[in-house]
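1. Sequence plus predicted model, see below.
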Amino acid sequence: MSITRRNYGRGHGYTVDGQKTPGVTTIVGATMPKDALVKWAADQTANYAVDHWAELTEEPPSKRLKRLQGARYEDKDAASNRGTEVHRLAELYISGQEVDVPDELDGHVRSYEQFVSEFDVTPIHTEFLIVNRTVGYCGTVDLLADLTTSAGIERWLLDLKTSRSGIFAETVLQLTGYRFAENYATLGEDGKTYDEHPMSDLGIQRVGAVHVTGDGYKLLPIDVDHGSWEYFRHLAWLYRRQDDLPEFIGPALRPPRRPAAVAS
């Protein structure tokens with residue numbers, strides 16, 4: 001049995017025992033309603049049009065349309081790049097490595113440093129893989145660490161978020177998938193293959209999300225239970241059956257042949 005993760009561009013994919021396997025975020029992203037995202041895209045396009053009105057009027061209609069069609073991706077790509085870089089810097093920092101922080105991310109890194117200091121964070125694993133073969137998914141967990149809270153030292157499974165809007169409901173499902181994984185995997189001594197271990201070996205006591213912004217952070221406990229696990233499993237079931245929907249469409253019907261009318 002084996003797990004592989006392959007990075008491509010800003011994305012990545014998983015293979016489990018030679019079979020392509022969806023990630024937790026892929027399952028959730030493909031099956032959850034996106035009403036807020038649709039409104040966000042419309043707002044971004046409208047804002048871009050107002051902010052660049054003078055420039056757009058000088059463009060021919062086809063180029064004007066192309067710029068408006070791509071307007072929402074400028075903000076999305078910037079946010080995605082920021083999130084990816086903050087994750088990378090956080091992993092280096094929590095691992096005790098030297099971090100060269102770009103000026104535009106200085107606030108995020110300082111906020112993360114504050115979180116690590118105030119909760120006396122001791123990392124156990126960073127950026128490690130999880131797998132559930134029964135349901136059929138993989139994922140990459142940001143951080144497993146011991147935190148000192150008012151209840152004492154607790155072991156937390158954590159996801160790092162950098163969105164401006166805070167933590168979305170999808171985060172509950174994402175962390176549910178991680179928490180109910182069957183095994184976790186870490187790189188072996190060869191640095192290429194992964195060694196698997198039972199998820200129960202990690203001794204997880206709490207699950208949460210760390211929302212890091214340029215001016216602070218919030219540690220938000222996430223209550224994952226069998227109810228959220230049932231919800232996630234339904235989403236995984238739906239995800240796997242999306243490609244089957246065209247099979248329910250039958251061939252076009254022809255009208256019945258009727259006897260030719262007899263001339264009187």
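-> Looks like it came in fine.
2. residue ranges with poor pLDDT in the stretch 1-150 of the chain?
-> The stretch 1-150 of the chain contains residues with pLDDT under 70 at 1, 9-10, 32-41, 43, 71-84, 86-87.
3. how about the helices of it, start to end?
-> Assigned by DSSP state H, counting those that start in this stretch, the helices in the stretch 1-150 of the chain fall at 24-31, 35-51, 53-57, 61-94, 106-118.
4. nearest spatial neighbour of Arg64, skipping sequence neighbours?
-> Excluding the flanking residues, the one nearest Arg64 by Cβ to Cβ, 6 or more residues apart in numbering is Leu56, at 5.0 Å. The way it works is simple: take the backbone N, C-alpha and C, and place the C-beta from them, glycine included.
5. pretty sure that neighbour contacts Val50?
-> No. Using Cβ atoms under 8 Å, Leu56 makes no contact with Val50, being 9.8 Å away.
6. between the two, which one's more packed in?
-> Taking neighbours as other Cβ atoms under 10 Å, Leu56 and Val50 compare with Leu56 leading, 17 against 9.
7. can you pull the contacts of the more buried one?
-> 49, 64, 67-68 (Cβ atoms under 8 Å, 6 or more residues apart in numbering).
8. With distance to Thr162 added, can I get those residues in TSV?
-> Below are the contacts of Leu56 laid out as TSV (distance: Cβ to Cβ, whole Å):
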residue	distance to Thr162
Ala49	27
Arg64	32
Arg67	27
Leu68	27
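9. got those as a markdown table, with distance to Asp103 and neighbour count columns?
-> Below are the contacts of Leu56 laid out as a markdown table (distance: Cβ to Cβ, whole Å; neighbours: other Cβ atoms under 10 Å):
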| residue | distance to Asp103 | neighbour count |
| --- | --- | --- |
| Ala49 | 30 | 14 |
| Arg64 | 34 | 16 |
| Arg67 | 28 | 16 |
| Leu68 | 31 | 17 |
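10. Which one of the residues you listed is nearest to Val24?
-> Leu68 (33.5 Å; Cβ to Cβ).
11. Compute the distance between the closest one and Ala54, please.
-> 14 Å (Cβ to Cβ, to the nearest Å).
12. Now do the same for Gly216: its pLDDT.
-> Note on Gly216: pLDDT of 91.
13. What count of nearby residues applies to Leu245?
-> Counted with other Cβ under 10 Å, Leu245 comes out at 8.
14. Would you verify that it is located in a helix?
-> Yes. Using DSSP: H, G, I helix; E, B strand; the rest coil, the assignment for Leu245 is a helix.
15. That one and Tyr231, how far apart?
-> 21 Å.
16. hang on, isn't Thr213 packed against Ser111?
-> Yes. Thr213 is in contact with Ser111 according to Cβ under 8 Å; the separation is 6.2 Å.
17. Look at the two and report which has more neighbours.
-> Ser111 (21 against 16).
18. Just list the residues touching the nearest residue to the more buried one once chain neighbours are set aside, thanks.
-> Spatial nearest neighbour of Ser111, excluding adjacent residues (Cβ to Cβ, 6+ apart): Tyr217 at 4.5 Å. Counting by Cβ under 8 Å, 6+ apart, Tyr217 touches 111-112, 114-115, 210-211.
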